[in-house]
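Asks: sequence first, predicted coordinates after that:
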Amino acid sequence: MKRKIIIGVCLFAALSLTGCKHYAHEVYVSSINGSDENLGTKDSPFKTIERANELRNYEDTTSFTYYLEGIFEFQEDAGLSFSNNKVIGYGDDNAVLKYSNQSYAIWLEETQPTILKNLTISNVDGCGISITTAECYMENCVVENCINGAIDVSFDGYLYMKDCTVRNNRRESSGAGIYADNSAIHLDNCLIINNKIITEEVGSNGGGIYMRNASERDKRGYVIENCVISGNEAHNTGGGICADINAFEETKPYTITIKNSKITDNKAYDGGGMVVYEYVTIESEGLSVTDNVATNSGGGICLVDNSILAAKGQVLGDVESSGNTPDQWLTYQR
């Protein structure tokens, strides 16, 4: 009899602290049919992410997997740091994370990889995802309707995106879709569409993607393949892409790879489709630049030539350029 009481006490303690401890360091959360009185398993999911965080804290682990189903809404000061973890939607559709009164939605600031899969990050008053000195791997995700840009990657951060969509985001400065500074990114089969810079400041560049400076530590560089970059706008330069790399001396000129991708129907003052600054070489294969518009010049591609420093932006390889207004290619000297 005494032995049975001891077992019962231990079981009660485990249930009260964790809802049944998960030795695999994973938890299921469903806003559709979950309850915070459940066990946090797939057959018995929690209702809220807050309850899942209690389990994570009890497990005291730096590697945790969140499986999410349904729609989750977060209010002020509820921005989430999922650093070093996996966050995976598991329902019939993407799990949806909606934010209001946030300076950011997800903030990653660790050196270990974070995996985001089958998620939609939406309606953020600030930035959708901030990646600082961290690695983030995204698959089948959507980042949309963010007021201060969709994704920021900086300070030797690395972003890999596959089968993702970045759409309908706004920003007052550069990079309404993706802002990459001192970092490395790899986009594979992604849509970067309808992102817009809403300020008229001279320094507002790269409506779809803004790449500024290379990572000195991470040599994977900037790679774009099998992507469509369309319907983006910048007030200054590079409606679709602005490649403004101040490369390190030992790496000049800096090379960006773009393969089997379309840059179409973007708009800017100069370089409606793409602007390539001095010290940057675009190595292209199967690149299509069509039907972009510049209100001043360089409807398709604008190459910047710095006569004083004897450096010029270049695009090498297989490029189709057609239907751009007012011109297909332009070399701008400054």
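Replies: Sure, I can see it.

Asks: low-confidence ranges, the stretch 151-300 of the chain, go.
Replies: Counting by pLDDT under 70, the stretch 151-300 of the chain contains low-confidence residues at 247-252.

Asks: cool, the stretch 1-150 of the chain as well?
Replies: Within the stretch 1-150 of the chain, the segments meeting pLDDT under 70 span 1-24, 57-62, 76-81, 111.

Asks: ok, the nearest residue to Val276 once chain neighbours are set aside - contacts?
Replies: In this structure, Val276 finds its nearest non-sequential neighbour in Gly313, 3.4 Å apart by Cβ to Cβ, 6 or more residues apart in numbering. Quick note: C-beta positions are derived from backbone N, CA and C, even for glycine. Contacts here follow Cβ atoms under 8 Å, 6 or more residues apart in numbering; on that basis Gly313 touches 243, 275-282, 303-305.

Asks: repeat for Ser63
Replies: By Cβ under 8 Å, 6+ apart, Ser63 lies in contact with 25, 84-85, 112.

Asks: most neighbours of all those residues, which one?
Replies: Ranked by the number of neighbours (other Cβ atoms under 10 Å), those place Asn85 first, at 24 neighbours.

Asks: pretty sure that residue sits against Leu116.
Replies: No. Contact criterion Cβ atoms under 8 Å: Asn85 and Leu116 do not qualify, at 9.3 Å.

Asks: A strand includes Ala184, no?
Replies: Yes. Counting by DSSP: H, G, I helix; E, B strand; the rest coil, Ala184 falls inside a strand.

Asks: list the contacts for it?
Replies: Neighbouring residues of Ala184 by Cβ under 8 Å, 6+ apart: 153, 157-159, 214-215, 218-222.

Asks: quick one: which of the contacts of Ser63 is nearest Val142?
Replies: Asn85 (19.5 Å; Cβ to Cβ).

Asks: residue contacts, that closest one?
Replies: Asn85 neighbours (Cβ under 8 Å, 6+ apart): 56, 63-66, 114-115.

Asks: what subset of these is buried?
Replies: Listed as buried from the contacts of Asn85 are 56, 64-66, 114-115; burial here means 16 or more other Cβ atoms under 10 Å.

Asks: Serialize the contacts of Gly313 to CSV and add fields for neighbour count and distance to Thr264.
Replies: Below are the contacts of Gly313 laid out as CSV (neighbours: other Cβ atoms under 10 Å; distance: Cβ to Cβ, whole Å):
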residue, neighbour count, distance to Thr264
Ala243, 27, 17
Val275, 31, 16
Val276, 27, 17
Tyr277, 27, 22
Glu278, 23, 25
Tyr279, 23, 26
Val280, 27, 21
Thr281, 21, 22
Ile282, 23, 16
Leu303, 22, 19
Val304, 24, 22
Asp305, 16, 25
